[in-house]
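how would this look folded up:
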Amino acid sequence: MPPHSLRHVIKVTTGQDVYHCRECQLCNLDSTEEMDVPLTTIIQMVMFDDEEVLTCRTVWSDYVLSQAFHACKRGLNLQSILLALRTEAKLRGVR
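Numbers count the residues shown, from 1 in each chain. So this is what the prediction gives:
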């Protein structure tokens, strides 16, 4: 895992390994205008180190953030992952 990959950042910052995601899609919340991509896709983008994830409306939505805490049935804390992505975006000068 490269030292500055998004997966590495998430693992170091939150203790969560996004590779535990099994793409079951149970985390997908009802779509709102604040979401441009589903939570499952956010996790996939992190796995593939796609920096575009840092600009997704889904990551920056406070509504999604409030709903994400218990969204993953496999135990990933999606709320902490979203917060880590927000922090990383700020560190990289992305918004």
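
other SSEs contacting the lowest-mean-pLDDT helix or strand in the chain?
Least confident helix or strand, the chain: helix 62-68 with a mean of 91, by mean pLDDT, DSSP states H and E. Counting contacts by 3 or more CB pairs under 8 Å, 6 or more residues apart in numbering; DSSP states H and E, helix 62-68 is packed against helix 78-91. Just so you know, the C-beta spots here come from the backbone N, C-alpha and C atoms, and that holds for glycine as well.

where does the protein dip in pLDDT?
Under the criterion pLDDT under 70, the flagged ranges of the chain are 1-3, 95.

for burial, what's the neighbour tally of Arg57?
Residues lying near Arg57 (other CB atoms under 10 Å) number 13.

check contacts around it.
Glu34, Met35, Asp36 (CB atoms under 8 Å, 6 or more residues apart in numbering).

the first one: helix or strand, and which one exactly?
Same thing as Glu34. Following DSSP states H and E, there is no helix or strand that holds Glu34.

just give the closest residue to it, not the sequence neighbours.
With sequence-adjacent residues excluded and distances taken as CB to CB, 6 or more residues apart in numbering, Glu34 is closest to Ser61, at 3.8 Å.

contacting residues for the one you found?
Counting by CB under 8 Å, 6+ apart, Ser61 has contacts Thr32, Glu34, Met35.

could the contacts of Arg57 go into JSON lines alongside distance to Asp50 and neighbour count?
Listed next are these as JSON lines, based on distance: CB to CB, whole Å; neighbours: other CB atoms under 10 Å:
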{"residue": "Glu34", "distance to Asp50": "20", "neighbour count": "14"}
{"residue": "Met35", "distance to Asp50": "17", "neighbour count": "21"}
{"residue": "Asp36", "distance to Asp50": "14", "neighbour count": "15"}
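
follow-up on the earlier one: of the contacts of Ser61, just say which sits nearest to Gln16.
Closest approach to Gln16 among these (CB to CB): Met35, at 20.4 Å.

so that closest one touches Leu29, yeah?
Yes. Between Met35 and Leu29 there is a contact under CB atoms under 8 Å: 7.1 Å.

list residues touching both of these two?
Val64.
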